[in-house]
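Colleague: Sequence first, then the predicted structure:
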Amino acid sequence: MKQPLSRADKDLEAIYLRHADMVYRLCYSYMKNKWDAEDAVQTAFLKLMASGKSFEDETHEKAWLIVTAGNVCKNLLKNPQRRMADIASLPLEAEETPPDETLKALLALPDRYKSALYLYYYEGYPTRQIAALLRRPASTIRNHLKEARALLKDRLLEEDHEE
Amino acid sequence: MRNKELFDAWDSLTPSPKDKERMLRSIRLRAEETSARPRLIPRRVLALALTIVAVLGVSAFALNESGLIDWFGKKVSDDMPELAVTETDLETIQSRAQKAREIIANTPEGEVWVAEIWEKTQIFSSLAKQFTDPSEMAALIRESGTGLMFPEAIPEGYAFQSGNLGYYLSENIKDNGIQFLGEEEVEEGIRLKKFLVTGGYHRDIESMNLVFADALGNQLRLTGYLDAGSAQYAFNTSAEGAHEPVAVNGMTEALYIHNPDDLSQNAHHLHFRKTGLPQIAAYSWYELEIPGGLQQPEARPEHYDSIVCHLKSNVLDKNALIEIADSLK
């Protein structure tokens, strides 16, 4: 028997249009390739549909998606089946635009920094609002940003030396 | 490395409209399959099947003029504050934090739950109240004396939809208005402490969120919060966007931003702040070490001396937003 998911399709589309870019960028930063990123995006929005969750406002909605997308990615990365998958067998890599040095360094960062870094540098949120969105102490967010920047600088300097 | 390089790096990950359409189709397809069958189509198989027939490529937006700007419309500097870095196992903390957030989501109104997940690392619930009556909310904001205000002029056709207030921890409440309810280890490494706020905290407003909407569902949002005059503000502008410092009655700075691109859904933003307000000492639950209760004599308050507000609409333009901001009382 068919059991409909609890969120209406038009609601899904509205939420998807509001946040798909943000969720995709975050997922890509974790998964490091387009195909797994798309898989993660789909899974995050399916979780949203299945949850039937109602949000206080768009900020709450966004925060939920940021946390959920991060968790989905971490679960996918931990999945042994995925680790066994032969990524090289997929005829996809050559069709993606090669990342520049900054993007490569960004993708190589530990996952724990990515959400805060994205919200600070791309969305322009102050650390205080990032702390509220991610429900973490502002001091933790500031530390993550500082540590991430230090790592990025180190890696970009390494690249310069290698060249 | 500059902010723009990081912005551009993130922006290069923006999916193309075709990719976005394809993902939405896949979500719907997978949702239908989920409803029709007890199991999902393997995600990877489906993703690949769909992508084989798709036109491939990663899009990148032209963003020559986009980036992060400050209150005055100038590019923000590259500098970050120097902060001490703690040597901790962040992965474990992250895992515990996720569990702790799920636990404290069940905190009843009037209580604060604090989950200690690592040395000096705590997750706490917010002291907050939801409102459906705008006059009640406006009265509480105005009586608070915090500097936060409620708008008197709402554009025709818009009505109050919802609102909430968040509260800070005053010295009086910290010392006299909290009842320790108990503590227990709820998960390995997560110690949960529960507090009932018995003192009157409803004037200690730290933040407000208001949502107004018209008959078509267009929303007007106003957020405001107390701040300690932090200079760490950066606002996002898109390539097609416009921004300009503007004047708002009684405010120290105001910045209008219009991002007309599809990505931003034609968003109009008005950011404004008022600095130099009488200081308010606010304690953070984070900074309180709680051995059997609230006993941290060395806890230092944050001294709020400004308010920061943000008006956002996808329909109302600069002048309409300024008129609303001018009416704050």
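Modeller: Good, I have the coordinates. Small disclaimer: the values here were computed from a predicted structure and weren't measured. Residues are numbered from 1 along each chain as shown, chains lettered A, B, ... in the order given.

Colleague: Tell me which stretches of chain B form helices.
Modeller: Ranges of helices in chain B, per DSSP state H, are B:3-11, B:17-36, B:43-52, B:90-104, B:134-144, B:171-176, B:318-326.

Colleague: Tell me which of these sits most buried.
Modeller: helix B:3-11 (a mean of 22; mean count of other CB atoms under 10 Å in any protein chain shown). Every C-beta, even on glycine, is put in place using the N, C-alpha and C of the backbone.

Colleague: about what we covered before: by mean pLDDT, show me the worst of the helices of chain B.
Modeller: Among those, helix B:43-52 carries the lowest mean pLDDT, at a mean of 28.

Colleague: In chain B, which residue is most central in space?
Modeller: The residue lying closest to the centre of chain B (CA atoms, centre = their mean) is B:Thr223, at 8.9 Å.

Colleague: Which of the helices and strands in chain A ranks last by mean pLDDT?
Modeller: helix A:80-84 (a mean of 44; mean pLDDT, DSSP states H and E).

Colleague: And the next helix or strand past it?
Modeller: For helix A:80-84, the succeeding helix or strand toward the C-terminus, using DSSP states H and E, is helix A:101-107.

Colleague: Show me what that following helix is packed up against.
Modeller: Applying 3 or more CB pairs under 8 Å, 6 or more residues apart in numbering or on different chains; DSSP states H and E, one finds that helix A:101-107 contacts helix A:9-31, helix A:138-162, helix B:3-11.

Colleague: Least confident of those helices, on average?
Modeller: Among these, helix A:138-162 scores lowest, with a mean of 76.

Colleague: Look up phi and psi at the closest residue to chain B within chain A.
Modeller: Here chain A gets closest to chain B at one residue, A:Gly124, 3.5 Å apart by CB to the nearest CB. Main-chain dihedrals, A:Gly124, degrees, to the nearest 10: phi 80, psi 20.

Colleague: cool, and the one 3 residues further on?
Modeller: When quoted as degrees, to the nearest 10, the phi and psi of A:Thr127 stand at phi -60, psi -30.

Colleague: Next, the contact list for it, please.
Modeller: A:Thr127 makes contacts with A:Tyr120, A:Ala138, A:Ile141, A:Arg142, A:Leu145, B:Gln232, as judged by CB atoms under 8 Å, 6 or more residues apart in numbering or on different chains.

Colleague: rewinding a little: right, and the helices of chain B - which one's nearest B:Glu185?
Modeller: helix B:90-104 (11.5 Å; CB to CB).

Colleague: how big is the angle separating the closest one from helix A:138-162?
Modeller: Relative orientation of helix B:90-104 and helix A:138-162, computed by axes from the mean of the first three to the mean of the last three CA atoms, to 10 degrees: 150 degrees.

Colleague: Figure out which of the helices and strands packed on helix A:101-107 is closest to B:Pro151.
Modeller: Here helix A:9-31 is closest among these (CB to CB), at 24.2 Å.

Colleague: Which parts of the chain belong to which domain?
Modeller: You didn't say which chain, so I picked chain A. Under the assignment automatic domain parsing, the domains of chain A span A:1-96, A:99-163.

Colleague: wrong one, chain B
Modeller: Following the assignment in automatic domain parsing, chain B carries domains at B:73-78+B:128-169+B:204-326, B:86-125+B:179-198.

Colleague: now B:Tyr283: how far from A:His19?
Modeller: 34 Å (CB to CB, to the nearest Å).

Colleague: Now do stretch A:125-143: distance from first to last residue.
Modeller: 15 Å (CA to CA, to the nearest Å).

Colleague: what about B:Glu187, distance to chain A?
Modeller: Distance, B:Glu187 to chain A, using CB to the nearest CB, to the nearest Å: 17 Å.

Colleague: show me the residues around that residue that make contact.
Modeller: So B:Glu187 contacts B:Arg96, B:Lys99, B:Ile103 (CB under 8 Å, 6+ apart).

Colleague: Repeat the analysis, applying 6 Å as the threshold.
Modeller: By CB atoms under 6 Å, 6 or more residues apart in numbering or on different chains, the residues touching B:Glu187 are B:Lys99.

Colleague: In space, what's closest to A:Ala63 - neighbours in sequence excluded?
Modeller: Once flanking residues are discounted, A:Ala63 sits nearest to A:Leu133: 4.5 Å by CB to CB, 6 or more residues apart in numbering or on different chains.

Colleague: where's that neighbour, which helix or strand?
Modeller: helix A:127-134.

Colleague: How many residues are close by the spatially closest residue to B:Leu140 that is not a sequence neighbour?
Modeller: Nearest in space to B:Leu140, with sequence neighbours left out and distances taken as CB to CB, 6+ apart, is B:His202 at 6.1 Å. Around B:His202 there are 13 other residues, counting by other CB atoms under 10 Å in any protein chain shown.

Colleague: With the one 4 residues further on instead?
Modeller: Other residues within reach of B:Glu206 by the criterion other CB under 10 Å amount to 24.

Colleague: Quick check: nearest residue in space to B:Thr14, chain neighbours excluded?
Modeller: Using CB to CB, 6+ apart, the closest residue to B:Thr14 is A:Asp21 (5.4 Å).

Colleague: What distance do you get for that neighbour to A:Leu46?
Modeller: 18 Å.

Colleague: doesn't A:Ser54 fall inside a helix?
Modeller: No. Counting by DSSP: H, G, I helix; E, B strand; the rest coil, A:Ser54 is not found in a helix; it is coil.

Colleague: What distance do you get for B:Arg279 to B:Leu140?
Modeller: That one is not Arg; residue B:279 is Gln. Per CB to CB, B:Gln279 is found 21 Å from B:Leu140.

Colleague: ok, now B:Gly189?
Modeller: Applying CB to CB to B:Gly189 and B:Leu140 gives a distance of 39 Å.

Colleague: likewise A:Val67?
Modeller: Distance of A:Val67 to B:Leu140, computed by CB to CB: 30 Å.
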